[in-house]
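Asker: structure of the sequence below:
(2 chains)
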Amino acid sequence: MTSPIQNRKYATEITAANEGERVSIAGWVHEKRDLGGVFFLIVRDRSGFAQVTLLRKKTEKELFERVKRVPRESVVAIEGEVKREQKAPNGYEILPTRVEVLSEASPVLPLDTTGKVGAELDTKLDARFMDLRTERTKHIFLIRSRILKAIRDFLDERGFIELNTPKIVSAATEGGTALFPISYFEREAFLNQSPQLYKQMLMASGFDRVYEIAPIFRAEAHDTTKHLNEATSIDVEVAFEDHEYVMTLLEELIAFVYTNVVDYPGLAKLDLNLEVPKVPFRRITYDEAIEQISDAGEEIVWGEDIGTSAEHTLGKIIGELYFITDWPCAIKPFYAQPAGEGKDTCNAFDLMHPRLELSSGSQRVHSYELLKQQIESKGLSADSFEFYLDSFRYGMPPHAGWGLGAERLLMCMLEIGNIREVVLFPRDRKRLVP
RNA sequence: GCCCGGGUGGUGUAGCGGCCUAUCAUUGAGCCCUGUCGAGGCUCGGACUCGGGUUCAAAUCCCGACCUGGGCGCCA
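Answerer: Model prediction:
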């Protein structure tokens, strides 16, 4: 006995041209429509929908009654004959000869998969497995996959090597953010907040163009629509180049990603009007940013970081993707290269979306002496950075790089209000399950 | 951590002191219907987060807890 699941096709692989052929499909019971003498079973799979039609008079009674009773969202396998039918999705329907219920669903569902009734984010996240069956959520993650592929294609094409650095580390990397402590045999260790130090160390390896797409962990108790305690960072580091080079690389990458998403057929399901941003992106200095923000009537002090409301004010003024450059050294990490004689700024930049910051990067300090000095001037202990500093003592090329938040990019592109929506199983201060 | 909102059937909501044995939609159970595509029609089932308080009377007002949305802070 052959199972109908063998040789199954996706719903959209079948067309009216297959009329008369025997096919198998498998998927979830999306909807049932009982008209009395005719019964429609809409089966959903990854590709879309297929209509399975049963005529009361022409169908074996046992089969007809059994199909009528299959609860929605049950998993079924169908074998039957293709019939051209203009009124059906994809222009065909299946007249089943065999229906197997592979998994019967409980009849009362945690949320509606058809889009008739909405669900709150919390409800969706609690039942994420089912939320992913909805068109909107499904496409968010298909687009996410597409974006990550586009990024890899873009970087691979330019000679980058994809590498992975440890997520379990011995100490704070850059200071700043809080870390999650973990028990590591008889020692304490931490989940890494950023691959920063490791990707820089790789610059001393001869792998002069590297990237990593991996999780980062931050133990901040923040509670906003743009922060996660576990996020995905896209990190790039390039040797023998400076901040200008990596800014250009970044804007071209972003434009390439947009181009790939604009072409995505499922974009229509998300109801947005996406345009590929023009390169080069606008660049404004930190000084200009402060001026613009204070001209707009917002209180801001030079030398301080740009807070959320100032960020929004500036975003509204600029209205497109832009870079903020020439940041004060004092508010950028120790590894940012100072601009030089008599200046208190460094060669660091942030890539901003009108809503929020997407990426930050810089030309890095590659002089051992200067780096050590900057670590100490930030009040950090050079000893705990020995493993990192060592790589600067035996031939470290000049280099630059950036880190880009994958979820932030996705939420901004798709105009999604809460970053949790673009993570399968988000980790925030309150949520550890599922 | 601070400041505002909000917790009503499975889901999404209306009601905001007595008209509430609580509205509507969807879902569920059942029935009618041979072409649905958010099918339609009829019947039935299903809820006021928890604990105190005020009041003749609380879903409705007050207090606390828990959960939750947003604004900020912190942070990327």
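Asker: quick one: mean pLDDT for the strand or helix carrying residue A:403?
Answerer: In this structure, residue A:403 sits in strand A:399-405 according to DSSP states H and E. Regarding strand A:399-405, the rounded mean pLDDT is 97.
Asker: okay, now the unreliable bits of chain A?
Answerer: A:1-4, A:172-176 (pLDDT under 70).
Asker: what about the helices in it?
Answerer: With helices called from DSSP state H, chain A shows them at A:61-68, A:121-126, A:128-131, A:135-157, A:196-201, A:243-262, A:286-295, A:308-318, A:368-377, A:386-389, A:406-413.
Asker: for the ones you listed, give me JSON lines that also has mean neighbour count and distance to residue A:427.
Answerer: To be clear about C-beta, it is placed using only N, CA and C from the backbone, and glycine gets the same treatment. Listed next are the helices of chain A as JSON lines, based on neighbours: other Cβ atoms under 10 Å; distance: least, Cβ to Cβ, whole Å:
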{"stretch": "helix A:61-68", "mean neighbour count": "13", "distance to residue A:427": "41"}
{"stretch": "helix A:121-126", "mean neighbour count": "16", "distance to residue A:427": "11"}
{"stretch": "helix A:128-131", "mean neighbour count": "17", "distance to residue A:427": "13"}
{"stretch": "helix A:135-157", "mean neighbour count": "17", "distance to residue A:427": "16"}
{"stretch": "helix A:196-201", "mean neighbour count": "22", "distance to residue A:427": "21"}
{"stretch": "helix A:243-262", "mean neighbour count": "19", "distance to residue A:427": "24"}
{"stretch": "helix A:286-295", "mean neighbour count": "18", "distance to residue A:427": "31"}
{"stretch": "helix A:308-318", "mean neighbour count": "17", "distance to residue A:427": "21"}
{"stretch": "helix A:368-377", "mean neighbour count": "16", "distance to residue A:427": "30"}
{"stretch": "helix A:386-389", "mean neighbour count": "15", "distance to residue A:427": "27"}
{"stretch": "helix A:406-413", "mean neighbour count": "23", "distance to residue A:427": "11"}
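Asker: distance to residue A:54 for the ones you listed - can I get that in TSV?
Answerer: Formatted as TSV, the helices of chain A follow (distance: least, Cβ to Cβ, whole Å):
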stretch	distance to residue A:54
helix A:61-68	5
helix A:121-126	33
helix A:128-131	26
helix A:135-157	25
helix A:196-201	59
helix A:243-262	40
helix A:286-295	65
helix A:308-318	55
helix A:368-377	73
helix A:386-389	68
helix A:406-413	41
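Asker: ok, the strand holding residue A:403 near RNA strand B or not?
Answerer: Yes: using Cβ under 7 Å from any atom of the strand, strand A:399-405 reaches RNA strand B at residue A:405.
Asker: quick one: buried residues of that strand?
Answerer: By neighbour count with 16 or more other Cβ atoms under 10 Å, strand A:399-405 contains the buried residues A:399, A:400, A:401, A:402, A:403, A:404, A:405.
Asker: can you redo those as CSV with distance to residue A:213?
Answerer: Shown next, in CSV, are the buried residues of strand A:399-405 (distance: Cβ to Cβ, whole Å):
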residue, distance to residue A:213
A:399, 19
A:400, 19
A:401, 14
A:402, 13
A:403, 11
A:404, 9
A:405, 11
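Asker: which one of those residues is nearest to RNA strand B?
Answerer: residue A:405 (4.8 Å; Cβ to the nearest atom of the strand).
Asker: ok, what's across the strand from that closest one?
Answerer: For residue A:405, the beta-bridge assignment (DSSP bridges) gives partners residue A:233.
Asker: ok, it - contacts?
Answerer: A:231, A:232, A:233, A:234, A:358, A:359 (Cβ atoms under 8 Å, 6 or more residues apart in numbering).
Asker: same deal with residue A:245?
Answerer: Here residue A:245 is in contact with A:238, A:400 (Cβ under 8 Å, 6+ apart).
Asker: rerun at 10 Å
Answerer: By Cβ atoms under 10 Å, 6 or more residues apart in numbering, residue A:245 lies in contact with A:238, A:363, A:399, A:400.
Asker: among the residues you listed, which pair sits farthest apart?
Answerer: A:238 and A:363 (10.1 Å; Cβ to Cβ).
Asker: enumerate the residues of the stretch 51-200 of chain A near RNA strand B.
Answerer: Counting by Cβ under 7 Å from any atom of the strand, the stretch 51-200 of chain A sits next to RNA strand B at A:51, A:53, A:55-58, A:69, A:71-72, A:85, A:87-89, A:93, A:107-112, A:114, A:116-123, A:174, A:176-177.
Asker: restricted to strands, list the residues you listed.
Answerer: Secondary structure defined by DSSP state E assigns A:51, A:53, A:55, A:93 of those to strands.
Asker: any idea what the last one is bridged to?
Answerer: For residue A:93, the beta-bridge assignment (DSSP bridges) gives partners residue A:51, residue A:83.
Asker: roughly how far apart are residue A:315 and RNA strand B?
Answerer: Residue A:315 is 11 Å from RNA strand B, where distance means Cβ to the nearest atom of the strand, to the nearest Å.
Asker: correction: the previous question concerned residue A:388.
Answerer: 16 Å.
Asker: and for residue A:12?
Answerer: Distance from residue A:12 to RNA strand B, by Cβ to the nearest atom of the strand: 15 Å.
Asker: spatially nearest residue to that residue (excluding sequence neighbours)?
Answerer: residue A:47 (4.1 Å; Cβ to Cβ, 6 or more residues apart in numbering).
Asker: hang on, that neighbour packs against residue A:8?
Answerer: No: assessed by Cβ atoms under 10 Å, residue A:47 is found out of contact with residue A:8, at 11.2 Å.
Asker: what residues are shared contacts of these two?
Answerer: A:25, A:27.
Asker: ok, and the closest non-adjacent residue to the residue of chain A positioned farthest from its centre?
Answerer: Within chain A, the residue lying farthest from the chain centre (Cα atoms, centre = their mean) is residue A:57, at 50.4 Å. Distance criterion Cβ to Cβ, 6+ apart; nearest residue to residue A:57, sequence neighbours excluded, is residue A:37 at 6.9 Å.
Asker: what sits against the one you found?
Answerer: A:54, A:55, A:56, A:57, A:58 are the contacts of residue A:37 under Cβ under 10 Å, 6+ apart.
Asker: at 7 Å instead, please
Answerer: Counting by Cβ atoms under 7 Å, 6 or more residues apart in numbering, residue A:37 touches A:55, A:56, A:57.
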